[in-house]
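>>> 3D model of this:
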Amino acid sequence: MLLRQARRLRKRGVERFIVASNDNAFAPIAATAEVHVVTLTGDLVSGRLRAVAQSITVLVRAGEGWRMERETPGTMTDI
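Predicted structure coming up:
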């Protein structure tokens, strides 16, 4: 259902999708649009999804709040 909706949105001109999932089922979206992943567990992002994502943002618990780490091909940096 979500992939079908992504296809519909892409046909309407949407070029970038933010995926809050580690599931490789969302990798096909990258065939026609940018895919950015947001997750709590960066090490569990599927290899297939990781291979097509423009970026992976990992939300990490830090004391009373959260910090973001952005992963790009081959690197991870704090934001």
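>>> can you list the weak-confidence ranges in this structure?
Counting by pLDDT under 70, the low-confidence segments of the chain come to 73-79.
>>> ok, which stretches of it are strands?
16-19, 34-39, 55-62, 65-72, 75-78 (DSSP state E).
>>> just the ones you listed: most buried one?
Among the strands of the chain, strand 34-39 has the highest mean neighbour count (mean count of other CB atoms under 10 Å), at a mean of 18. Glycine gets a C-beta too; all of them are placed from N, C-alpha and C.
>>> what's it in contact with?
The contact list for strand 34-39 (CB atoms under 8 Å, 6 or more residues apart in numbering) reads 15-22, 26-27, 29, 45, 49-50, 52-59.
>>> The longest helix along the chain to strand 34-39, inter-axis angle?
Secondary structure of the chain per DSSP state H: the longest helix is helix 2-11. Our comparison of helix 2-11 with strand 34-39, counting by axes from the mean of the first three to the mean of the last three CA atoms, to 10 degrees, yields an angle of 140 degrees.
>>> could we number from 635 for the rest of this?
Shifting the count to begin at 635 puts that one at helix 636-645.
>>> just to revisit the earlier point, got TSV for the strands of the chain, with distance to residue 644 too?
TSV is the format used below for these (distance: least, CB to CB, whole Å):
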stretch	distance to residue 644
strand 650-653	8
strand 668-673	11
strand 689-696	19
strand 699-706	23
strand 709-712	28
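>>> out of the ones you listed, which comes closest to residue 636?
strand 650-653 (9.0 Å; CB to CB).
>>> Sheet partners, orientation included, of that closest one?
strand 668-673 (parallel) (DSSP bridges).
>>> Between strand 689-696 and the partner strand, find me the angle.
20 degrees.
>>> For strand 668-673, list the C-alpha coordinates in PDB.
Extracted C-alpha coordinates of strand 668-673, given in PDB (Å, rounded to 0.1, in the frame of the first residue of the first chain):
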ATOM      1  CA  GLU A 668      15.500  10.300  -3.900                       C
ATOM      2  CA  VAL A 669      15.200   8.200  -0.800                       C
ATOM      3  CA  HIS A 670      16.400   9.400   2.600                       C
ATOM      4  CA  VAL A 671      16.100   7.000   5.600                       C
ATOM      5  CA  VAL A 672      15.500   8.100   9.200                       C
ATOM      6  CA  THR A 673      15.900   5.300  11.800                       C
END
